[in-house]
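Asks: Here is a sequence with its predicted model. Questions after.
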Amino acid sequence: MTPLEYLNDHKDKFLNELLDLLRIPSVSADKKFDGEVRNAATFVKDQLIAAGVDYAELCETKGHPIVYAEKIIDSTFPTVLVYGHYDVQPADPYELWDHPPFEPIVKNDRIYARGACDDKGQMYMHVKAFEAMMETNALTCNVKFMIEGEEEVGSDNLEAFIKEEKQKLSADVILISDTSIINNDTPSITVGLRGLSYLEVEVTGPNKDLHSGVYGGAVANPINILTKLIADMQDEDGRITLPGFYDDVLEYSEAQRAEMAKAPFDLDHYKKELNIEEVKGEKGFSTIERVGIRPCLDVNGIWGGYTGPGSKTVLPSKAFAKISTRLVSNQNSDKITQMIIKYFEENAPKSVKVKVTPHHGGTPAVVSTHSNGYQAASKAFEQSWGKTPIPTMEGGSIPIVALFIQELKIEPILMGFGLDSDDIHSPNESYGLFNYYKGIETIAYFYDHFSKISNKN
Ligand code: BES
Ligand code: MN
Ligand code: MN
């Protein structure tokens with residue numbers, strides 16, 4: 001029996017187990033769910049043991065535990081380190097979900113639940129591909145699993161873990177499914193991820209909320225000030241105005257940009273999916289470029305004053321915003337964070353106080369298309385999809401990827417199977433059954449090709 005035959009015989013089992021995992025609300029950002037985050041870790045550990053690893057453990061951290069497991073079949077064989085995350089983003093606002101986010105359902109060949117794609121569905125494909133290879137005696141590589149529970153909050157404790165456990169984590173390649181393909185007819189392999197710098201700004205005006213008639217026009221309104229400061233960070237051309245912001249941005253040659261433009265992209269479809277009349281971004285760049293090779297700045301949340309029903313005439317004491325910048329090579333996250341702090345401190349008028357708190361950062365990552373891992377991934381897609389995957393630069397961030405390269409000196413391969421339309425981080429997140437099963441198949445092929453390519457060298 002081949003792994004593919006085993007997969008075809010166990011589709012229902014593979015699906016039902018994932019649905020069980022999706023029922024656990026492992027929201028890493030919210031303390032209220034700490035117990036559930038641990039339950040998800042234990043679930044993954046138990047499933048790895050059931051699938052046939054030599055051992056699996058929960059590695060305790062200052063935050064959520066890391067699931068580690070390994071199967072060493074022969075120390076002379078190449079080793080694949082699988083990375084993924086079992087934590088998920090908050091599901092808020094719950095009322096926008098057609099079905100409760102932690103009561104997964106399958107509808108129109110799609111699994112709907114928070115984490116269906118990001119990253120429980122994609123991570124679990126690796127557990128099932130491993131099981132399929134174990135059960136059919138097809139495993140030709142050693143495997144290590146490192147599945148964390150803090151990706152969605154910046155992977156702070158994973159950083160310490162990889163710095164301390166270099167020996168344990170030694171491998172020939174790191175395989176990650178936490179990104180997207182262009183579409184189901186056009187497979188792709190992610191070769192770039194953006195970095196980020198995330199901050200929170202608090203602007204304080206008067207020492208209490210005031211009557212907006214009695215004091216309005218005479219005392220600074222922190223919301224007015226904050227929104228102006230934010231608006232001034234970008235110009236008419238969609239460029240960020242902070243002095244020096246673009247200094248380290250790697251410029252791509254015309255030839256490289258022409259190569260990128262070959263990837264299929266349907267702008268009308270893109271706009272239609274989002275129900276927008278026009279796209280918006282930095283002048284002189286295409287949508288693919290704006291996401292893949294250019295930085296951006298976004299307000300992720302903004303609040304203050306009265307937001308309840310009806311109206312209340314109030315001049316608020318405080319205003320807040322959560323702001324992120326997405327960064328590209330060779331921008332440095334700490335440097336950009338300092339730049340933003342300085343901007344607010346220098347430009348806030350004396351009429352208010354401003355406090356900026358950095359949340360988390362992340363270094364952009366670029367992956368080579370020449371490594372054994374890339375070649376194996378490419379061949380695996382050819383075998384399962386019948387098409388050579390296109391290398392793509394994606395806009396999202398997986399901050400730990402740059403650290404894998406820097407600290408472990410192991411090439412990561414971003415072999416994701418999601419689609420932009422899976423609505424990760426949004427209400428009604430979903431993952432196609434086609435992608436789930438095709439992903440498992442492709443992962444199994446990866447091991448086969450990787451062992452063949454590695455042994456040739
Ligand atoms: N899996 C995503 C990142 C991603 C999504 C990469 C789609 C490429 C395509 C990951 O779970 C994520 O959401 N990362 C955060 C990082 C942050 C919380 C530090 C992000 O990009 O916002
Ligand atoms: Mn993810
Ligand atoms: Mn995510």
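Replies: Great, that's in hand. Ligands and ions are numbered 1, 2, ... in the order given.

Asks: okay, CA-based contacts and neighbour counts for the rest of this
Replies: OK.

Asks: Neighbours of G63, how many?
Replies: 14 (other Cα atoms under 10 Å).

Asks: Now do the SS call for it.
Replies: coil (DSSP: H, G, I helix; E, B strand; the rest coil).

Asks: That one: what's it in contact with?
Replies: E150, N157 (Cα atoms under 8 Å, 6 or more residues apart in numbering).

Asks: Flag the shaky bits of the stretch 1-150 of the chain, pLDDT-wise.
Replies: Counting by pLDDT under 70, the stretch 1-150 of the chain contains no low-confidence range.

Asks: all helices for it, in order.
Replies: Taking DSSP state H, counting those that start in this stretch as the test, the helices found in the stretch 1-150 of the chain are 3-9, 11-22, 34-51, 120-135.

Asks: Tell me which other helices or strands the last one touches.
Replies: I take that to be helix 120-135. helix 3-9, helix 11-22, helix 34-51, strand 79-85, helix 433-456 (3 or more Cα pairs under 8 Å, 6 or more residues apart in numbering; DSSP states H and E).

Asks: switch the cut-off to 6 Å
Replies: If contacts are counted by 3 or more Cα pairs under 6 Å, 6 or more residues apart in numbering; DSSP states H and E, helix 120-135 sits against helix 3-9, helix 433-456.

Asks: among these, which is nearest ligand 2?
Replies: When these are ranked by distance to ligand 2, counting by Cα to the ion, first place goes to helix 433-456 at 15.0 Å.

Asks: all helices in the stretch 251-400 of the chain, in order from the N-terminus.
Replies: Using DSSP H, counting those that start in this stretch, helices in the stretch 251-400 of the chain cover 254-260, 267-274, 287-292, 333-347, 372-385, 400-403.

Asks: winner for burial among the helices and strands packed on helix 120-135?
Replies: helix 433-456 (a mean of 21; mean count of other Cα atoms under 10 Å).

Asks: Please enumerate residues in contact with that helix?
Replies: By Cα atoms under 6 Å, 6 or more residues apart in numbering, the residues outside helix 433-456 that reach it are D109, R110, M125, A129, A376, A377, A380, S384, F417.

Asks: any idea how far the fifth one lies from E200?
Replies: Here the criterion is Cα to Cα, to the nearest Å. By it, A376 lies 42 Å from E200.

Asks: Looking at the two, which one has more neighbours?
Replies: Using other Cα under 10 Å as the criterion, A376 and E200 rank with A376 on top: 23 against 19.

Asks: and E164, how many residues sit next to it?
Replies: Neighbours around E164, by other Cα under 10 Å: 11.

Asks: nearest to ligand 1, of the helices of the stretch 251-400 of the chain?
Replies: With respect to ligand 1, and counting by Cα to the nearest ligand atom, the nearest of these is helix 400-403 at 8.8 Å.

Asks: Show me what the mean pLDDT comes to for that closest one.
Replies: The average pLDDT for helix 400-403 rounds to 95.

Asks: Can you pull up the residues of the stretch 351-457 of the chain that come close to ligand 1?
Replies: With Cα under 6 Å from any ligand atom as the criterion, the stretch 351-457 of the chain meets ligand 1 at residues E394, G396, S397, I398.

Asks: quick revisit: who wins for proximity to A29 among the helices of the stretch 251-400 of the chain?
Replies: helix 400-403 (17.2 Å; Cα to Cα).

Asks: So what touches the closest one?
Replies: Outside helix 400-403, the residues touching it (Cα under 6 Å, 6+ apart) are T363, A365.

Asks: That helix: what's the following helix or strand?
Replies: Using DSSP states H and E, the helix or strand that directly follows helix 400-403 along the chain is strand 412-414.

Asks: and the contacts of helix 433-456, which are buried?
Replies: With burial judged by 16 or more other Cα atoms under 10 Å, the buried subset of those is R110, M125, A129, A376, A377, A380, S384, F417.

Asks: tally of neighbours for the closest residue to ligand 2 within the stretch 301-450 of the chain?
Replies: Closest residue of the stretch 301-450 of the chain to ligand 2, Cα to the ion: I398 (7.1 Å). Using other Cα under 10 Å, the number of residues around I398 comes to 21.

Asks: how many neighbours does the residue of the stretch 1-150 of the chain at minimum distance from ligand 1 have?
Replies: Ranked by Cα to the nearest ligand atom, the top residue of the stretch 1-150 of the chain for proximity to ligand 1 is D118, at 5.5 Å. Close neighbours of D118, defined as other Cα under 10 Å, add up to 28.

Asks: Now it. Nearest residue, chain neighbours left out?
Replies: I424 (6.0 Å; Cα to Cα, 6 or more residues apart in numbering).

Asks: Repeat that for I413.
Replies: I413's closest residue in space is L175 (Cα to Cα, 6+ apart), at 5.0 Å.

Asks: does that neighbour really touch E411, like I thought?
Replies: No. Under the criterion of Cα atoms under 6 Å, L175 is not in contact with E411, lying 8.8 Å apart.

Asks: rewinding a little: got JSON lines for the helices of the stretch 1-150 of the chain, with distance to L274 too?
Replies: Below are these laid out as JSON lines (distance: least, Cα to Cα, whole Å):
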{"stretch": "helix 3-9", "distance to L274": "35"}
{"stretch": "helix 11-22", "distance to L274": "26"}
{"stretch": "helix 34-51", "distance to L274": "32"}
{"stretch": "helix 120-135", "distance to L274": "24"}
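
Asks: which of those helices is buried the deepest?
Replies: helix 120-135 (a mean of 25).

Asks: tell me the angle that helix makes with helix 11-22.
Replies: 140 degrees (axes from the mean of the first three to the mean of the last three Cα atoms, to 10 degrees).

Asks: now helix 120-135, how far from the centre of its chain.
Replies: 20 Å (Cα atoms, centre = their mean, to the nearest Å).

Asks: and this structure, which residues reach ligand 1?
Replies: D118, E152, V153, G154, D178, T179, S180, E394, G396, S397, I398.

Asks: helix or strand for the fifth one, which one?
Replies: By that I understand D178. Per DSSP H and E: nothing holds D178, as it lies in no helix or strand.

Asks: burial count for it?
Replies: Quick note: D178 (other Cα under 10 Å) scores 24 neighbours.

Asks: Could you do the fourth one as well?
Replies: Here the count is done by other Cα under 10 Å, and G154 has 20 residues near it.

Asks: gap between the residue nearest to it when sequence neighbours are not counted and L196?
Replies: Using Cα to Cα, 6+ apart and skipping residues adjacent in sequence, the residue nearest G154 is H360, 5.9 Å away. H360 sits 8 Å away from L196, going by Cα to Cα.

Asks: and those two? which has more neighbours close in?
Replies: L196 (30 against 18).

Asks: Contacts only, for the more buried one.
Replies: T325, R326, L327, G361, G362.

Asks: tilt between the helix or strand that contains it and helix 333-347?
Replies: Assessed by DSSP H and E, L196 sits inside strand 195-204. Angle between the axes of strand 195-204 and helix 333-347 is 20 degrees (criterion: the same axes, to 10 degrees).
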